[in-house]
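Novice: Provided below for reference: sequence and predicted model.
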Amino acid sequence: MNEKQLGSEIVNDCFQIHQELGPGLLESVYEVILADELRSLGLSIERQKPIPIRYKELIFDEGFRADIIVENRVIIELKSVEAVSRVHSKQALTYLKLLDYRLGYLVNFGSELIKDGITRVVNRLPENE
């Protein structure tokens, strides 16, 4: 599956989960359910994966934890808040750069309408994808 296809699966699953459960649960609940849905499609999923940060000669073994990584190519950062701020998108982009991934999603399950809670974050994604 390419990034576009993975993205479609991620967005579809987020819509289904939000439709079924609605907003207001803890982020960890949505994380477990979304990871399970994606695994049921046969996708490789890692949850709460420590990601090192390299700065010059310093290496921080655990700079941050990615909520969900799909197929070692797409990051999903989850929130369950009334509204995300601009810094959340910037963080997601930084995570993509640190991993040298091209595509990520910031998903806020706290949004009243999930379509307003999904932000696609891109790091050098080609135009045709």
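Specialist: Okay, I see it. Residues are numbered from 1 along each chain as shown.

Novice: tell me the buried residues in the helix or strand harbouring residue 33?
Specialist: Secondary structure assignment for residue 33, by DSSP states H and E: helix 27-39. Of all the residues in helix 27-39, those buried under the rule 16 or more other Cβ atoms under 10 Å are 27, 30-31, 33-35, 37-38. Just so you know, the C-beta spots here come from the backbone N, C-alpha and C atoms, and that holds for glycine as well.

Novice: ok, stretch 97-104 next?
Specialist: 98-99, 101-104.

Novice: and it, C-alpha only, in PDB?
Specialist: Output in PDB follows, covering the C-alpha atoms of stretch 97-104 (Å, rounded to 0.1, in the frame of the first residue of the first chain):
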ATOM      1  CA  LYS A  97      11.300  15.000   9.800                       C
ATOM      2  CA  LEU A  98      13.000  13.200  12.700                       C
ATOM      3  CA  LEU A  99      11.900   9.900  11.300                       C
ATOM      4  CA  ASP A 100      12.300  10.900   7.700                       C
ATOM      5  CA  TYR A 101       8.700   9.900   7.000                       C
ATOM      6  CA  ARG A 102       6.600  11.700   4.400                       C
ATOM      7  CA  LEU A 103       3.100  11.500   5.800                       C
ATOM      8  CA  GLY A 104       1.300  11.900   9.100                       C
END
